[in-house]
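A.B. asks: this is the structure alone, sequence omitted:
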Ligand SMILES: NC(=O)C1=CN([C@@H]2O[C@H](COP(=O)(O)OP(=O)(O)OC[C@H]3O[C@@H](n4cnc5c(N)ncnc54)[C@H](OP(=O)(O)O)[C@@H]3O)[C@@H](O)[C@H]2O)C=CC1
Ligand SMILES: O=C1O[C@H](COP(=O)(O)O)[C@@H](O)[C@H](O)[C@H]1O
């Protein structure tokens, strides 16, 4: 069991408290950390949204949400009651010129405490909320602000959001959240690489033929269709989560785990990504959209069906990209990024495919081996090696698998990546949050893809729900003589 340092009393203010994210992720994560005694009854959770609710009514809604989204912890009703006591609710339209910030000022009456504002609203509100906090003298030297994704839809809008918030908060008080960095499996990349010299020695183009980073989901767009249809898979998943995973995987060793050392190294990876020209986009990027199909033997509709409209959409629900990192370590290794909704399986994983032997003394040649780092649905590792095929009367080699499941090995499960990130923001540890220059470097790399798609009117390739994406996705690897992981298994 991990040792937990209890945090000093703090004030955590959530703007957007009646929303989906707060109810489904943030408050459940706080309940679990309260259960783990990471903080005490002296902490305060101040919840803000426009809807006119009494604190009692809001607590009732929260109780219902916790029973649904943190059922295993919420069944301890004494604990749940004590947790709900930490919560208060303030109705406030953060954009209204005549909005009354007095109740929030009255609530936040201990300026020496650590104070965190978590902006779980549409990003257009980030600048105005920070301006209003400043006008209302609610920003103390101990205050931090957490920004949810998306930070913009392109470089210009990201810069505007960053400027808007940056007028009122110094960069070291701005915590841009990317929940993939809160995942144990993603953080484990640091341990795996920098605590195991045996692996770090292999971590380059010398030994690694290609790298796959996959975030496949079986779910469709659900209730978030109006957001998603404006966003698409490239902005929703690649610009942030997949590029962050790529950075953690490909960066050089940081001097320490401090926020800036880590983020300086990640930034170098983003800046070293081969820029995309329109021709390269045509050859190296696939955009798809799911049509009707079957998942787990259930019929599911197309993306248009899920949006509930009759007119077709031009938004991609799948993207696959082949790219290179222009560094001495990685220059000769293609990196394939892939994400999509309504795919064959929920699977977030990284595959490092090792290079083949230059000469073999055996009569048969199994696959050259690979390291698979599983992030979801279960965290774990699997190292595929060659071994003697047991038996007499000949000598053949075949692949064998060394596997580790985190759950079995460590006997502990963290339910959600928000658990770590929320409390890191309170502790003032920015290492797992995104710095402004990283966001902007990501957009700088993504934007030519978006522009090229728009200008060349790149077609959307359909893929049946329940598949691994459009047929051309295989060809992306075949060009390098490679196969996606699932094709190696069949
Ligand atoms: N939901 C998710 O899974 C994820 C969400 N995000 C991001 O988190 C943010 C919130 O998402 P989500 O919870 O889904 O959105 P919702 O639309 O469910 O919630 C938005 C919240 O903002 C509040 N709000 C809107 N306008 C104002 C205002 N003028 N003043 C005060 N409060 C206001 C709404 O409450 P009311 O109407 O009562 O004012 C509501 O509580 C978005 O930026 C989203 O992109 C990121 C990753 C995942
Ligand atoms: O940020 C987002 O992530 C989820 C996928 O997260 P995961 O932790 O389940 O892998 C995705 O469904 C959503 O569209 C996106 O906004």
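C.D. replies: Received, thanks. This structure is a prediction, so every number in the text was calculated from the model and none was measured. Numbers count the residues shown, from 1 in each chain. Ligands and ions are numbered 1, 2, ... in the order given.

A.B. asks: can you name every helix or strand that whatever helix or strand residue 382 lives in contacts?
C.D. replies: In the assignment (DSSP states H and E), residue 382 maps to strand 380-388. Packing partners of strand 380-388 (3 or more C-beta pairs under 8 Å, 6 or more residues apart in numbering; DSSP states H and E): strand 370-376, strand 397-405. No exception for glycine: its C-beta is placed from N, CA and C like everyone else's.

A.B. asks: which bits of the stretch 201-350 of the chain sit near ligand 2?
C.D. replies: Contacts of the stretch 201-350 of the chain with ligand 2, taken as C-beta under 6 Å from any ligand atom, map to 215, 217, 236-237, 348.

A.B. asks: make a ChimeraX selection of the buried ones in those.
C.D. replies: If you want just the buried ones from those in ChimeraX, going by 16 or more other C-beta atoms under 10 Å, the selection is:
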select :215,217,236,237,348
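
A.B. asks: now the nearest residue to residue 335 once chain neighbours are set aside. Its backbone dihedrals?
C.D. replies: Nearest residue to residue 335 in three dimensions, chain neighbours excluded: residue 211, at 4.8 Å (C-beta to C-beta, 6 or more residues apart in numbering). The phi and psi values for residue 211, taken as degrees, to the nearest 10, are phi -130, psi 130.

A.B. asks: any idea how far stretch 167-180 is from the chain center?
C.D. replies: Mean C-alpha position of stretch 167-180 versus that of the full chain (C-alpha atoms, centre = their mean, to the nearest Å) differs by 16 Å.

A.B. asks: revised request: answer the last question for stretch 236-253.
C.D. replies: The answer for stretch 236-253 is 9 Å, by C-alpha atoms, centre = their mean.

A.B. asks: mind checking the pLDDT average for it?
C.D. replies: For stretch 236-253, the mean pLDDT works out to 98.

A.B. asks: for the remainder of this discussion, apply numbering that starts at 12.
C.D. replies: With the count now opening at 12, the last piece we talked about shows up as stretch 247-264.

A.B. asks: buried ones in it?
C.D. replies: Buried, per 16+ other C-beta under 10 Å, within stretch 247-264: 247-263.

A.B. asks: show residues contacting that stretch.
C.D. replies: Under the criterion C-beta atoms under 8 Å, 6 or more residues apart in numbering, residues 160-161, 189-192, 197, 200-201, 204-205, 211, 222, 224, 226, 239, 276-277, 279-281, 330, 332, 336, 338, 340-341, 346, 348, 350, 361, 386, 445, 449, 453-454, 456-457 lie in contact with stretch 247-264.

A.B. asks: nearest to ligand 2: which residue in the chain?
C.D. replies: Nearest to ligand 2, among the residues of the chain, is residue 247, at 4.7 Å (C-beta to the nearest ligand atom).

A.B. asks: name the SS class of that residue, please.
C.D. replies: Under DSSP: H, G, I helix; E, B strand; the rest coil, residue 247 falls in the helix class.

A.B. asks: so what's residue 12 scoring on pLDDT?
C.D. replies: Reading off the model, residue 12 has pLDDT 54.

A.B. asks: same check, this time on the one 4 residues further on
C.D. replies: pLDDT for residue 16: 85.

A.B. asks: list the residues that contact it.
C.D. replies: So residue 16 contacts nothing (C-beta under 8 Å, 6+ apart).

A.B. asks: one more: residue 311?
C.D. replies: Taking C-beta under 8 Å, 6+ apart, one finds 231, 303-305, 353, 476-477 in contact with residue 311.

A.B. asks: scan those and report the most crowded one.
C.D. replies: Within those, residue 353 tops the neighbour count with 29 neighbours, counted by other C-beta atoms under 10 Å.

A.B. asks: tell me the first helix or strand C-terminal of the host helix or strand of residue 143.
C.D. replies: Residue 143 is part of helix 137-146 when elements are defined by DSSP H and E. Under the assignment DSSP H and E, the closest C-terminal helix or strand after helix 137-146 is strand 154-158.
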